[in-house]
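Trainee: requesting a structural model of the entry that follows:
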Amino acid sequence: SGKPWLTQLYTRLICDEFYGTTPEHGYGFGQDEDQGQLGSWYVMAAMGLFDVQGGTNITPSYQIGSPKFNKITIKLDP
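Mentor: Numbering: from 1, shown residues only. The predicted structure follows:
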């Protein structure tokens, strides 16, 4: 759309408004955790990474979002 900052705006909004531990957010009553898929999306979004194709492309393309952390270390299995 030519407006990459909207990815940052909306992923942060979703993280802040729709995730948590209260009954109306996150894993509370009436929520479907979807076998880890929603939690995994939250972790990626909280790290500031957003997969534009939704995991459907052979070669994923990530947008830089709005990380909730000052520093992130990812250790990959050699």
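Trainee: tell me the SS of Lys71?
Mentor: Following DSSP: H, G, I helix; E, B strand; the rest coil, Lys71 is assigned to coil.
Trainee: that one and Gln37: what is the separation?
Mentor: Separation of Lys71 from Gln37 (CB to CB, to the nearest Å): 26 Å. Glycine gets a C-beta too; all of them are placed from N, C-alpha and C.
Trainee: the two: which has the busier surroundings?
Mentor: Gln37 (11 against 5; other CB atoms under 10 Å).
Trainee: need the pLDDT of that one.
Mentor: Gln37 is assigned 73 on the pLDDT scale.
Trainee: show me what secondary structure element comes after the helix or strand containing it.
Mentor: Assigned by DSSP states H and E, Gln37 belongs to helix 37-46. Next along the chain after helix 37-46, taking DSSP H and E as the criterion, comes strand 49-51.
Trainee: what does that next one rub up against?
Mentor: Residues from elsewhere that reach strand 49-51, judged by CB atoms under 8 Å, 6 or more residues apart in numbering: 7, 11, 44, 60-65.
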